[in-house]
Each structure stands twice: as structure tokens, then as C-alpha cells.
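Undergrad: sharing a model prediction with you, sequence too.
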Amino acid sequence: MQSQAEKEKKFTSLMEKWIMYFLYILFGGLFIFITWTEGWSEAVLLLPIAAITLPLTKWGMKWQNERYIRSAKNQDNLEVVLKRVEDLESRISKLEEK
């Protein structure tokens with residue numbers, strides 16, 4: 001069985017990949033459309049916007065995804081602790097019966 005952290009890592013990496021594909025297609029399509037309509041001054045303006053937006057978005061998603069994965073690891077650790085506490089409670093109740 002997969003842990004919550006593994007599931008979260010798989011999901012976030014998949015979402016990150018698709019969002020970045022979308023942004024690459026969006027900016028590439030805009031650039032092609034602008035150059036096709038011969039608006040070279042607008043195309044020159046689009047390049048620095050894309051050069052800032054794409055890495056900043058990728059960094060922000062990685063940072064947020066790491067937070068999600070750490071949270072899922074904490075959730076997995078809490079399940080281990082809860083199991084251990086339940087085992088201790090059952091042992092204590094058995095000892096109290098004696």
C-alpha cells in the first residue's frame with residue numbers, strides 16, 4: 001500500500017508537469033501568433049514576461065508541492081504514532097484486568 005506522501009508526490013509532480021506544459025504552449029502560441037501578425041514590438045515585450053513568469057511559476061509550484069509532501073509525511077507519521085498508542089492502550093487494559 002502506498003503511503004500518503006508517495007501519493008501526494010505522484011499527484012503534485014503530475015500536476016506540475018501539466019501546468020508547465022500548458023504555460024509553454026500558451027507563451028509559445030502567443031509568441032507565434034504575435035510574430036505571425038508581424039507585431040515584432042509586442043513579441044519583444046512578450047519575451048521578458050515569459051522569461052520571468054515561467055521560472056517563477058515553476059519555483060512556486062515546487063515550493064508548494066514540497067509543503068504538501070511534508071504535510072503528507074507528517075500525516076503518515078501520525079498514523080504510526082496512533083497505531084503505537086492503540087497498542088499501548090490495549091496492553092494497559094490487559095494489565096489492569098490482571
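TA: Cool, got the structure.
Undergrad: ok, now which ones touch the one residue sitting closest to the centre of the chain?
TA: Nearest to the mean C-alpha position of the chain, by Cα atoms, centre = their mean, lies residue 65 at 2.9 Å. Going by Cβ atoms under 8 Å, 6 or more residues apart in numbering, residue 65 touches 9, 12-13, 16. No exception for glycine: its C-beta is placed from N, CA and C like everyone else's.
Undergrad: run the last query once more with 6 Å
TA: Residue 65 is in contact with residue 12, counting by Cβ atoms under 6 Å, 6 or more residues apart in numbering.
Undergrad: relative to residue 11, how far out is it?
TA: As for residue 65, its distance to residue 11 is 9 Å (criterion: Cβ to Cβ, to the nearest Å).
Undergrad: likewise residue 23?
TA: According to Cβ to Cβ, residue 23 stands 19 Å off from residue 11.
Undergrad: just residue 82 next, same as before
TA: 24 Å.
Undergrad: these two - which one has more neighbours?
TA: Comparing residue 82 with residue 11 by other Cβ atoms under 10 Å, the one with more neighbours is residue 11, at 14 against 10.
Undergrad: mind checking the pLDDT average for the strand or helix carrying residue 13?
TA: Here residue 13 is covered by helix 4-36, with elements defined by DSSP states H and E. Averaged across helix 4-36, the pLDDT comes to 89.
Undergrad: how distant is it from the center of its chain?
TA: Relative to the mean C-alpha coordinate of its chain, helix 4-36 is positioned 12 Å out (Cα atoms, centre = their mean, to the nearest Å).
Undergrad: who are the packing partners of that helix?
TA: When contacts are defined as 3 or more Cβ pairs under 6 Å, 6 or more residues apart in numbering; DSSP states H and E, helix 4-36 packs onto helix 40-97.
Undergrad: chain center to the helix it packs on, what's the gap?
TA: Centre-to-centre, helix 40-97 and its host chain are 7 Å apart (Cα atoms, centre = their mean).
Undergrad: touching, residue 72 and residue 8? I think so.
TA: Yes: counting by Cβ atoms under 6 Å, residue 8 is a contact partner of residue 72 at 4.0 Å.
Undergrad: residue 2: what secondary structure?
TA: Counting by DSSP: H, G, I helix; E, B strand; the rest coil, the backbone at residue 2 sits in coil.
Undergrad: alright, calling it a day.
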